[in-house]
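> quick one, what's the 3D model for this:
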Amino acid sequence: MNPVKNGQGLFLGLTLLFLSSGCGTVPKHYVPVLPAPVSRFPPVKTGMVRLPVIITFPKGGDLLHHLSNFLKGGIRQFVPEKFNLPGFNVMGHLKDLWGKMQEPIFLEKGAWLLIRPETLSVGRMRTDLRRRMTAHTVLEMTALPEIIFGPKPLTTPRKMPPLSHFQRGPGTFQAMSNTRISYKEANQYFRDPRLKLKGMIFPGTGERKLTLEGVRLYGSGGKVIAEVKLHYNPLIINFGGKPAKLTVYLRGTPRYLPKQRVFDLPDLDYDIKSNDLILQIADFIFKSDFKNEIRRIARLPIGLKMDIVKEKINKALNRPLGRFTCLHTQVNSFDVLNGFADNEGIEVRISIKGTATMEVVWN
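A predicted model of the protein is given here:
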């Protein structure tokens, strides 16, 4: 019997024993960051904005008298190109409004709203007996609004197109846009001590006490990767008397749950490298409900984020648009339609619906 070979076999056996019993740290089977496939939502559909307009005229001018006579005379359709009253500079006000609608609207640091108007039309004008110094009409605008994250976006002013044919409808606006949940935001959420994730013991792991140390999400190849750090009690006590450490990687695809207002990862499963590692060293994990527990934990609530964005849009759109024009807006619904993962986070498509009114002081 060769003592050298016997010594080598004994050393190899002890090495495997210590690895399986938790001596040292199990090597990390890291999932590399691969380029995400090019993914895009369908093009943003043109949103319709029907904007009731209240025009307040200054007292004591001939303009109001001439306007009242025209309305009493049976003018039914308000056509600015043909409405030539002295001092009634309709097209000038509309062009000013068109220019304002093309400027980026500040929401917060690093967030801007672009309305990007496409067409503009004007509806019938009428008077209000209870407010004699006012006239009322409706602006109808189609636009391609979008929320932009980052520095102030550059825009190229477009000349106002000829007024389109007005189509009567409810005084509402609707738009679609995109926003993003970054992995940085997600990982800050998982570190919140109120969740009590750190130190959680997975059920079904018995005396091994598989314990969660932390969860970190990142992107790779169009999937969400969950890096799960764990420790557990080894079968054989190691020299340091410390728990064995293990890092497991799982990958999944985000799905939005509208009732809960969260993104989850319903297909979250072991990455193939982590799968081999568990089979070799920690097969007891398979006997527990570990994977389903991680699926339950790896959920990103975005309802609060959407509420904050909605309030910021409401605040941004209730503002003066010029010296004589003020916009009053109420966002009523702010719904998430879909989302996909890339290497920066989860890109989210949202739908915005609400009401708006514009007040104009004619001067």
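
> for Ala356, list the residues it contacts.
Val49, Leu51, Pro52, Gly171, Phe173, Leu317, Leu327, His328, Thr329, Gln330 (Cβ atoms under 8 Å, 6 or more residues apart in numbering). All C-beta atoms are positioned from the backbone trio N, CA, C, and that covers glycine.

> partner strands of the strand or helix carrying Glu118, parallel or antiparallel?
Per DSSP states H and E, Glu118 falls inside strand 117-122. Strand 117-122 has the following strand partners under DSSP bridges: strand 131-143 (antiparallel).

> so where's the stretch 251-363 of the chain shaky on pLDDT?
272-273, 275-284, 286-287, 321-324, 360-363 (pLDDT under 70).

> one more pass at 80, please.
Low-confidence segments of the stretch 251-363 of the chain, defined by pLDDT under 80: 272-288, 309, 313, 316-317, 319-327, 356-363.

> residues in contact with the strand holding Glu118: which ones?
Outside strand 117-122, the residues that reach it (Cβ under 8 Å, 6+ apart) are 46, 78-80, 94, 98, 101-102, 137-144, 160-161, 163-167.

> one more time with 10 Å, if that's ok
Outside of strand 117-122, the residues within contact range by Cβ atoms under 10 Å, 6 or more residues apart in numbering are 46-51, 53, 77-81, 83, 90, 94-95, 97-102, 137-145, 158, 160-167.

> of those, which belong to strands?
47-51, 53, 137-143 (DSSP state E).

> so where do the helices sit in the stretch 101-250 of the chain?
183-190 (DSSP state H, counting those that start in this stretch).

> do the stretch 251-363 of the chain as well
272-281, 290-297, 303-317.

> circling back to that earlier point, buried stuff in the strand holding Glu118?
Along strand 117-122, these residues count as buried under the neighbour rule (16 or more other Cβ atoms under 10 Å): Pro117, Thr119, Leu120, Ser121, Val122.

> next, the contact list for Thr155, please.
Taking Cβ under 10 Å, 6+ apart, one finds Gln102, Glu103, Pro104, Trp112, Leu114, Arg116 in contact with Thr155.

> ok, of those residues, which one's closest to Arg295?
Trp112 (35.7 Å; Cβ to Cβ).

> the residue nearest to Lys223 when sequence neighbours are not counted: neighbour count?
Once flanking residues are discounted, Lys223 sits nearest to Arg251: 4.5 Å by Cβ to Cβ, 6 or more residues apart in numbering. Arg251: 22 surrounding residues under other Cβ atoms under 10 Å.

> and Pro145, by the same measure?
Count around Pro145 with other Cβ under 10 Å applied: 22.

> I'd say it and Ser177 touch.
Yes: judged on Cβ atoms under 10 Å, Pro145 makes contact with Ser177 at a distance of 5.8 Å.

> what do these two both touch?
Val44, Gly47, Leu113, Leu114, Ile313, Ile352.

> can you select the buried ones from those in ChimeraX?
ChimeraX command restricting the shared contacts of Pro145 and Ser177 to the buried ones, with burial defined by 16+ other Cβ under 10 Å:
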select :44,47,113,114,313,352
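
> and the two most separated of the shared contacts of Pro145 and Ser177?
Every pair of the shared contacts of Pro145 and Ser177 checked by Cβ to Cβ; the farthest is Val44 and Ile313, at 15.7 Å.

> pick out whichever of the buried residues of strand 117-122 sits closest to Tyr232.
Distances from Tyr232 to those, taken by Cβ to Cβ, are shortest for Pro117, at 59.9 Å.

> distance of that closest one relative to Pro157?
11 Å (Cβ to Cβ, to the nearest Å).

> now for the two: what residues contact both?
Trp98, Gly99, Gln102.
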